[in-house]
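A.B. asks: the following comprises the amino acid sequence and a computationally predicted model.
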Number of protein chains: 2
Amino acid sequence: MEYEEPKFFHVMEYAAAADGDVVDMVSGNPDWEPPAALRDALSEYANGPSEAFQYPPSEGIRGLRESIAARRNVDPDRIVVTNGTGEANYLAMARAFERDAGDEALLMDPVYPYYPGKTELLGGEPTLVPTERDGSLDIEAVRAAASDGTALIVLNTPNNPTGAVYDVENVREVVEVAEAVDALVVVDEVYDHFDFSGRFESALTLDSERVIVTSGFSKSMAITGFRVGYAVLPDEHAFPAKARHMLVNVAGSRPAQYAVAEALSATDADYYAEARDRLADRIDAFTAALDEAGAAYTRPEGAFYVLARFDGFPGTMANVKRLIDEAGVAGMPGETFGTARDEWIRFALVTPRAVEAAERLVEYFASDRKACREES
Amino acid sequence: MEYEEPKFFHVMEYAAAADGDVVDMVSGNPDWEPPAALRDALSEYANGPSEAFQYPPSEGIRGLRESIAARRNVDPDRIVVTNGTGEANYLAMARAFERDAGDEALLMDPVYPYYPGKTELLGGEPTLVPTERDGSLDIEAVRAAASDGTALIVLNTPNNPTGAVYDVENVREVVEVAEAVDALVVVDEVYDHFDFSGRFESALTLDSERVIVTSGFSKSMAITGFRVGYAVLPDEHAFPAKARHMLVNVAGSRPAQYAVAEALSATDADYYAEARDRLADRIDAFTAALDEAGAAYTRPEGAFYVLARFDGFPGTMANVKRLIDEAGVAGMPGETFGTARDEWIRFALVTPRAVEAAERLVEYFASDRKACREES
C-alpha cells in the first residue's frame, strides 16, 4: 500500500512553526488532570517489586480485565486489553476481514481518518456512507451500501468529528444489516464518558454476536500517552483477536495498565462528571461566540469537537493555514474527514483557551477579511 | 489464518498447576533489578506535568530516539520506537512483504516461534533453513533456499534458543543472498548485551540498504513488561514502517518510554556487565551439572538459554511435562522451535534457582528413571 502522512501532523507542524501565538484546537489531548489515584498507582508501581516489571498476561493484567468486565457487564474472557483504542480498532477490524466474508468496510461520512487508513492496511476497501445532516445514522444509506462484499461496518459514538450520539435503536438496525450480509460491526465508544445528551447507550446492550465494542482510557482519564484501551468481542472472535494482539505486540505496557487498573477502582463518578461539565460549559461559550461570528456549527451531543462553517471560507487545508496565520487559531480541515463536511472546520475543545480562540474567530470574521485576502 | 495457543503458555500453565515445587526455566523474564535510574524516572514522571501524560510522538519520544541513534551511530530519522521488540519485528517483517517482492520468509531452524507466527499473520510463507550443528549460519543452505519468491530473511543474534552469536561476515553473506533475490534481512539483536563470546557485532556495521535491525530494552534493562523496543530501518523503509506503527498502535506508552530514555542516559556499563557476568556464572554452573547428568548441551555464546539433550528423553511436550512432575524443573520442548532441535529441551537461565534446577536434573537422570517410568 501507499502511505501518506496524516494531515493533523501537517497542521500541528504548521501551527508550531507559525510566527504569532496560536491556540491549538487540533489535537484531541485532554487538558485536565488525570485521576489522582492514577498518579499514586504509577508511583507505587515504580517502587514495587521487579517481578511486576516483567511481561503482563498478553490479554492484559487480570485486575484491569475484571474491572472492565464488571463495568461492561460481560465475561472477562471476552476482553483483550490493547495498546490504546487504536490497537483495539485494528484488532477488531482485522477480525472482520480475516473471516473471508468480503473486503469492503462501510465507514460513516464524515469519518475519523484512522478508519480508512486501517481498512487499507488490512487489505480492505473503504466505502463512505452518508450520515444525516445532524450526524445521526442514515439507516437507509447503510442498507443501500451493504452487499455480500461487505465484511465490516464501523461506527463511532459519541462521534468524532460530528459530536453525534447514535440512538441505540439505530445501531441495532445497522447490526441487522450486518447480519444480512455477514459483516461485523465495530462500535468505537472511546468518548462514552462525554455524553451531553443523556442518550448514549453502549452497543453491548444489544448483546449481539456481530458487535465488537472498542474503548479506552485515553480520553476519560486524560492519558492519551499511556496507551491503554480494550476490545470486547463476542466469544468466537475473542481468541483470534488475542492471538493477533500477541503476534503484533506481545502485550501492552504494564506500568500503564497497572496505573489505569488502580485508578479505575479508586476514581468516583465526580471525576468524570467534572470533566464532562467543564466541556459542556466550553461548548456553550464557544458556540455562543460562533453565533456572534455568524458561523454555522453543529452543537455536539457528545465527545469534544465542534464542526463550524464560515461563509465563503471552506474547510480546506489552505484556509486552515490562513486561520493559523491570520487569526491565531488552529483547527482541522473538514476535508480530512471524508467528503461530507469538506466545507467545515473541526475545533477540539480540549484547551482552556477555547473562549479566547472563539473571540479571535469573531474578530477575524468581523473584520474586512476578504479585502485583506485580496491584498495579500 | 488459523491461530493456535503458544506452547510456552501451555507449559507455564501446566507448571503452575503442578503439585510440587517447580523451578521455572520456561520464560525469558530477567530476574534481576532494573536500573535504579529507571525506577527514579518513572516516579518522577508519575508526579510530573499532565501534558506529559498525553500522546508522545508516534515514532517515539525524541530523547529516546536520539539516545538510540547515538548508541547505534545512525540518523534518528531511521528509528521508530515500538511496543517492544515484538512490534519492531512485526513492522520490519511487514515491510519486507508489502514490497510485492514475494511471499516467502527464510527462517533459521531452530526458530523463535514468533517468527513463523508473524510471517503467517502477514500472509507470508515460512521456510525453515537448517543451521550448523553449533547453531551458526549455514550460508550454503540459505543460498540454496533463496529464490525469487523470497521477500524476507530473519536472523536472531545472539540467538534464542541456540545461544549462537553469528559471525558478522556470515551475516554479510546472507545479505548478499538477499540482494540477489530482492529480499530484506531483519536482524533481531535484542540479546546484544548478553554476548559471552566477545564476537558480537551489530548488522548495522554492514551499512546495508537491505538490513533492518530490531532490538529493545526488555532484556537489557530487565523490563519485559514495559514494552519498549525499536527498529532501525534503511531510509527508504523508515517512513512506511512508521506509518504502519501509527495505524496499528498510534504510539507506544509514554511512561515506559520516558523511564527507558532516562535510564539509557544514566546507566553505566557496569550495570550491563554485572547482569552478563551473573549469567555467565550460571551457565558455568548449569552446564557443569549437565555434564554430571550425562546430558549433551550447547554452551551459549550469547543470550541466556541452554539447549540440553538427555539420552532417550527427547524434547517432546510429554517429556517436558514429565520433567515438571517428576523432577520439578520446567523447560521448553525443543519441538517448539522448529525441527532442528526436537530432541532437545531449552532451559532459560533467568532464575536464581538455576543451579538447584541442575541438581534436580542430575538426580532425576541418575536415578532409575526408566524403571520408574515403566512402573508408572
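C.D. replies: The structure has been received and is ready for your questions. On a predicted model such as this, the values are computed, not experimentally measured, just so you know.
A.B. asks: who's in contact with the residue lying closest to A:Ala46 once chain neighbours are set aside?
C.D. replies: If the residues on either side of it in the chain are set aside, A:Ala46 comes closest to B:Leu42, at 3.8 Å by CB to CB, 6 or more residues apart in numbering or on different chains. C-beta: built from backbone N, CA, C; applies to glycine. Applying CB atoms under 8 Å, 6 or more residues apart in numbering or on different chains to B:Leu42 gives the contacts A:Leu42, A:Tyr45, A:Ala46, A:Pro255, B:Pro255, B:Tyr258, B:Ala259.
A.B. asks: quick one, phi psi at B:Leu42?
C.D. replies: Main-chain torsions, B:Leu42, degrees, to the nearest 10: phi -70, psi -40.
A.B. asks: check A:Pro161 too.
C.D. replies: In this entry, A:Pro161 is assigned phi and psi values of phi -100, psi 0 (degrees, to the nearest 10).
A.B. asks: with A:Glu33 instead?
C.D. replies: Note on A:Glu33: its backbone torsions stand at phi -70, psi 140 [degrees, to the nearest 10].
A.B. asks: tally up the residues packed near the nearest residue to it once chain neighbours are set aside, please.
C.D. replies: On the basis of CB to CB, 6+ apart, the spatially nearest residue to A:Glu33 that is not a chain neighbour turns out to be B:Ser50, at 5.3 Å. The number of residues packed around B:Ser50, counting by other CB atoms under 10 Å in any protein chain shown, is 16.
A.B. asks: list the contacts of B:Ser50.
C.D. replies: So B:Ser50 contacts A:Trp32, A:Glu33, A:Pro34, A:Ala222 (CB under 8 Å, 6+ apart).
A.B. asks: repeat that with 10 Å
C.D. replies: Under the criterion of CB atoms under 10 Å, 6 or more residues apart in numbering or on different chains, the contact partners of B:Ser50 comprise A:Asn29, A:Pro30, A:Asp31, A:Trp32, A:Glu33, A:Pro34, A:Arg39, A:Ala222, A:Ile223, A:Gly225.
A.B. asks: the longest helix seen in chain A near chain B anywhere?
C.D. replies: Of all the segments of type helix in chain A, defined by DSSP state H, the longest one is helix A:269-292. No: using CB under 10 Å from any CB of the partner chain as the criterion, no contacts between helix A:269-292 and chain B are found, and the smallest distance is 12.2 Å.
A.B. asks: could you do stretch A:93-107 as well?
C.D. replies: Yes: Stretch A:93-107 comes into contact with chain B (CB under 10 Å from any CB), by way of A:Ala94, A:Glu98.
A.B. asks: what residues sit buried inside that stretch?
C.D. replies: Of the residues in stretch A:93-107, those buried by neighbour count under the rule 16 or more other CB atoms under 10 Å in any protein chain shown are A:Met93, A:Ala94, A:Arg95, A:Ala96, A:Phe97, A:Glu98, A:Ala101, A:Gly102, A:Glu104, A:Ala105, A:Leu106, A:Leu107.
A.B. asks: just the closest of the residues you listed to chain B, please.
C.D. replies: Proximity to chain B was ranked across these by CB to the nearest CB; first place goes to A:Glu98, at 6.5 Å.
A.B. asks: per-residue confidence for that closest one?
C.D. replies: In this prediction, A:Glu98 carries a pLDDT score of 95.
A.B. asks: for it, give me its contacts.
C.D. replies: When contacts are taken as CB under 10 Å, 6+ apart, A:Glu98 is in contact with A:Leu122, A:Gly123, A:Ala151, A:His237, A:Pro240, A:Ala241, A:Arg244, B:Met1, B:Tyr3, B:Leu121.
A.B. asks: with A:Gly252 instead?
C.D. replies: Taking CB under 10 Å, 6+ apart as the criterion, A:Gly252 is in contact with A:56-61, A:64, A:80-84, A:87, A:226-230, A:245, A:260, B:83-84, B:225, B:227, B:249, B:252-253, B:256.
A.B. asks: surely A:Leu64 is in a helix?
C.D. replies: Yes: A:Leu64: assigned to a helix according to DSSP: H, G, I helix; E, B strand; the rest coil.
A.B. asks: that one - nearest residue in space that isn't next to it in sequence?
C.D. replies: Taking CB to CB, 6+ apart, and ignoring the residues beside it in sequence, A:Leu64 has A:Ala261 as its nearest neighbour in space, at 3.9 Å.
A.B. asks: domains in chain A, by residue range?
C.D. replies: Each structural domain of chain A that the record assigns through automatic domain parsing is listed here as a residue range: A:7-34+A:270-367, A:49-266.
A.B. asks: which helix or which strand is home to the residue nearest the centre of chain A?
C.D. replies: Of all residues in chain A, the one closest to the mean position by CA atoms, centre = their mean is A:Asn160, 5.3 Å from it. A:Asn160 belongs to no helix or strand when elements are defined using DSSP states H and E.
A.B. asks: low-confidence stretches in the stretch 251-376 of chain A?
C.D. replies: Across the stretch 251-376 of chain A, the ranges flagged by pLDDT under 70 are A:368-376.
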